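Student: The sequence isn't on hand, but the structure is:
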Ligand SMILES: Cc1cc2nc3c(=O)[nH]c(=O)nc-3n(C[C@H](O)[C@H](O)[C@H](O)COP(=O)(O)OP(=O)(O)OC[C@H]3O[C@@H](n4cnc5c(N)ncnc54)[C@H](O)[C@@H]3O)c2cc1C
C-alpha cells in the first residue's frame, strides 16, 4: 500500500516531466455547433477519428464528430503506463456477466473490459501493438460475402495510413511511408526481447515481419508511437487537421438516439447530450456510427435497429429487425502463464522508475518507459489444431518481460480483477522479483457471445456475455498453446537467464497432476484474461445474409444513410490485434462514403 501511494504521488512528477511529449492545450472542442451537418460521425475512437479526418478533406462538406469523452492526458502518452489507464476517467469500465466456463479466479467471475472514453477511443488505452492480422483472415471475409474485403483489397488501406520508420522493415515492400500513423519499435529493448525471438527460432519459427509476406513467425513488435510516446488516432489523424473550418468536434457529448424516419428509412437527426445538455443536430447526408463494438450495437438498438423480440422486451419500437449485438467475438489468453527469472534482466518497478531513467525518457525518448505496455515480443504459432498447410496461426504469444508481480500487483492484478486469494497464494510470494510471461492468445475462438440492452437508458451499461471457453475446442487448443509457451521458456536463449517454471501451483487446480493437460486447462479457466479485442456485433456480410447487420459498403441494411464503421463490423475476428484493422476499416469506409456521395 505504501509503495502504491509513492507511485501515485510520483504521477504528477511524471506528468510534469513528460510535458515535452504532450500538449493538453490543443483546442479540440468546437464551442458553437451548426444546426445541421453533411456527415455526423458518432465516436472519435480508432475508427471514428480516421473517418472524420478523411471526410473533412473535402472542404465542401461539413463534418461533426461527436465524442463521449474528452482529450487524452500526459500519462496516457507514456507507453509503459498503458495498463494504469484502466479504471480511470478515460475508461468506460465495462464488466461482462459472470462467466460459466472461465474467469474462475477473477472477482465474481467477471471479465473487466476497459474501453476508451476519450477522443482516440481505445487507441488511448491500448498497448500500441501494430498488428494487421493474416492475409487469410481477409480472404475468408470476402469468401463469406464481404465482397471487396480480401487481403488484396484491404492491403492498400493499411499502407495508406502508415508512416513506418524502422529501417529493417519500412522498405520491405509491405509498408507505407508518409501517412499520418507513425509505426516503429521503441528504441529500447531488454535482452529478453531477442531471447524470445531466438527461442522461437529454436522451435522452428522464423524471425520475420509478421505484418508482411508471412503471418507465422516471431518478431519484436512495432507500435503506434512517435518520439517515444503513444500516438493515438486523435493525435495522428485529428490533431494535424484541427484548423479545418468544416470539421467540428463536440467533446463530452454522448449520442443517445438516431432519429429515424420510418418511411424514408433515413436518419434525419441525432440526439446527444453535450455536457449533459440534450442537443440535436440534423443530417444532410450520412450518419456514421463508430462507437465501438460495445456502444455501436447499443446505440443502434436504442434507436430501433436490432432483434425485434429483444427490443420489444424494452418497449423499443423495432424499425429494422437485424441481428445487432450477436456474433460477439474476443481474444482471450491464459493469464497464468508466468515464469521466474534468475538474472536481473526483466522489467521490475524499482529498476524502471528511477530518476535516471525518467531523465533518459524525458531527454532522449528511450529507456524502459517506452516499452509497449511491457510487451516485447509477438510470436504467431500453430498448435496441432491449426491447418499445417496454411499460413494462418491459431495463437499469438504476447511476450511480456514482466508479470503481475513486477509492480507488486499495482496495475495488472487490479486491471484483471484477480481474486485476492489467488493473488496471495500464487503471486504475492514473488512480489517484485524478476519474471516473464508468455501469454497465449487464442486467435480464432469458437466461443461466440452477445451484447444486449439492460434497459432503454443510454447510460446503463449493456449486458455483455462473451461466453468465454464455452466451445470445447477452445480449451483444447489453449492447452496446446500453453505447452508451446512452456517449451519456449526451456530453450537455451531463455535458459541463459535462468528462466524456470512458476513454483507455486494454482490452488484451485491442485486436484490435477501438475502441468498435466487437465491442470493447464484449469489454469486457463481460472485466470482467463481478455486481450481487449471485442468485435463482430454489427457484422458485415452479403445483403442476403440473415446474420449480417451491414452490407460490404458498411451500410446498415434497409437504411438509406446510416453506416457502421468500427471494429464491430468484422464478420470474424482477425488473427491479430485489432487497432490497425479498425483504422484500415475506417480508411476504406471513408473512400466508399466519398464514392457514394460524389
Ligand atoms: C486496454 C486495451 C489494450 C489494447 N491493446 C491493443 C494493442 O496493443 N494493439 C491493438 O491492435 N489493439 C489493441 N486494443 C484493441 C484496439 O485498441 C481496439 O480494437 C480499437 O481501438 C477499437 O476501435 P473502435 O474504433 O472500434 O472503437 P473505440 O476505439 O473504442 O472507439 C469508440 C469511441 O466511441 C466513443 N463513444 C461510444 N459511445 C458513444 C456515444 N454514444 N456517443 C459518442 N461517443 C461514443 C467512445 O468514447 C470511443 O471514443 C486494445 C484495447 C484496449 C482497451
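Tutor: It's in. All of these numbers come straight from a predicted model, not from anything done at the bench.

Student: What's the local residue count around the residue of the chain found nearest the ligand?
Tutor: Going by C-beta to the nearest ligand atom, the ligand is nearest to residue 45 of the chain, at 1.8 Å. Every residue, glycine included, has its C-beta placed from N, CA and C. Other residues within reach of residue 45, judged by other C-beta atoms under 10 Å, total 33.

Student: and what of residue 131?
Tutor: 23.

Student: Same check on residue 354?
Tutor: For residue 354, the count of nearby residues is 13 (other C-beta under 10 Å).

Student: What parts of the stretch 151-300 of the chain come near the ligand?
Tutor: Residues of the stretch 151-300 of the chain that fall close to the ligand, judged by C-beta under 6 Å from any ligand atom: 254-255, 290-293, 295, 299.

Student: May I have the residues that are in contact with residue 400?
Tutor: With contact set as C-beta atoms under 8 Å, 6 or more residues apart in numbering, residue 400 has these partners: 373-376, 436-437, 439.

Student: Could you work out the most separated pair of those residues?
Tutor: Farthest apart among those by C-beta to C-beta are 373 and 436. That separation is 14.3 Å.

Student: Same drill for those two, tell me which one is more crowded.
Tutor: Comparing residue 373 with residue 436 by other C-beta under 10 Å, the one with more neighbours is residue 436, at 29 against 23.

Student: residue contacts, that one?
Tutor: 192, 338-339, 341, 346, 399-403, 489, 494, 499.

Student: does it sit in a helix, a strand or a coil?
Tutor: strand (DSSP: H, G, I helix; E, B strand; the rest coil).

Student: Could you list which of the contacts of residue 436 belong to helices?
Tutor: 192, 489, 494 (DSSP state H).

Student: hmm, which of those are the buried ones?
Tutor: 192, 489, 494 (16 or more other C-beta atoms under 10 Å).

Student: tell me the pLDDT at the second one?
Tutor: This points to residue 489. Confidence at residue 489, expressed as pLDDT, is 97.

Student: Does the residue of the chain closest to the ligand fall in a helix, a strand, or a coil region?
Tutor: Strictly by three-state DSSP, residue 45 counts as coil.

Student: Once you drop chain neighbours, what's closest to it?
Tutor: With C-beta to C-beta, 6 or more residues apart in numbering as the criterion, residue 45 has its nearest non-adjacent residue at 2.0 Å, and that residue is residue 121.

Student: ok, now which ones touch the one you found?
Tutor: With C-beta under 8 Å, 6+ apart, residue 121 has these contacts: 43-49, 115, 233, 292.

Student: Surely residue 220 and residue 375 touch.
Tutor: No - counting by C-beta atoms under 8 Å, residue 220 stays clear of residue 375, with 9.8 Å between them.

Student: ok, the two, which is more surrounded?
Tutor: Higher neighbour count among residue 220 and residue 375: residue 375, with 25 against 19, using other C-beta under 10 Å.

Student: How is this structure partitioned into domains?
Tutor: 29-72+234-321+535-596, 78-117+186-220+331-530 (automatic domain parsing).

Student: ok, the closest residue to residue 452 other than its chain neighbours - contacts?
Tutor: Residue nearest to residue 452 in three dimensions, not counting chain neighbours: residue 463, with 4.6 Å by C-beta to C-beta, 6+ apart. By C-beta under 8 Å, 6+ apart, the contact set of residue 463 is 97, 451-454.

Student: May I have the phi/psi pair for residue 463?
Tutor: For residue 463, the backbone dihedrals (degrees, to the nearest 10) come out as phi -80, psi 120.

Student: List the buried residues in the helix or strand containing residue 358.
Tutor: Assigned by DSSP states H and E, residue 358 belongs to helix 355-364. Neighbour-count burial for helix 355-364, with 16+ other C-beta under 10 Å as criterion, is recorded at 357-358, 360-362.

Student: Buried residues, the helix or strand just after it. List them.
Tutor: Proceeding C-terminally, helix 355-364 gives way to strand 375-381 as the next helix or strand, assigned by DSSP H and E. Neighbour counts over strand 375-381 (16+ other C-beta under 10 Å) mark 375-381 as buried.

Student: for strand 375-381, packing partners?
Tutor: In terms of contacts (3 or more C-beta pairs under 8 Å, 6 or more residues apart in numbering; DSSP states H and E), strand 375-381 is packed against helix 191-202, strand 217-219, strand 395-400, helix 472-489.

Student: what angle sits between the first one and strand 395-400?
Tutor: Translated: helix 191-202. 150 degrees (axes from the mean of the first three to the mean of the last three C-alpha atoms, to 10 degrees).

Student: what residues does helix 191-202 touch?
Tutor: Taking C-beta under 8 Å, 6+ apart as the rule, helix 191-202 contacts 206-207, 217-220, 341, 345-346, 376-377, 379, 381, 399, 401, 436, 438, 488-489, 491-494, 496-497.

Student: Next, the angle from it to strand 375-381.
Tutor: Using the same axes, to 10 degrees: helix 191-202 against strand 375-381 is 10 degrees.

Student: any idea how far the residue of the chain most remote from its centre lies from residue 583?
Tutor: What lies farthest from the middle of the chain is residue 263; by C-alpha atoms, centre = their mean that is 37.7 Å. Remark: distance between residue 263 and residue 583 (C-beta to C-beta, to the nearest Å) = 36 Å.
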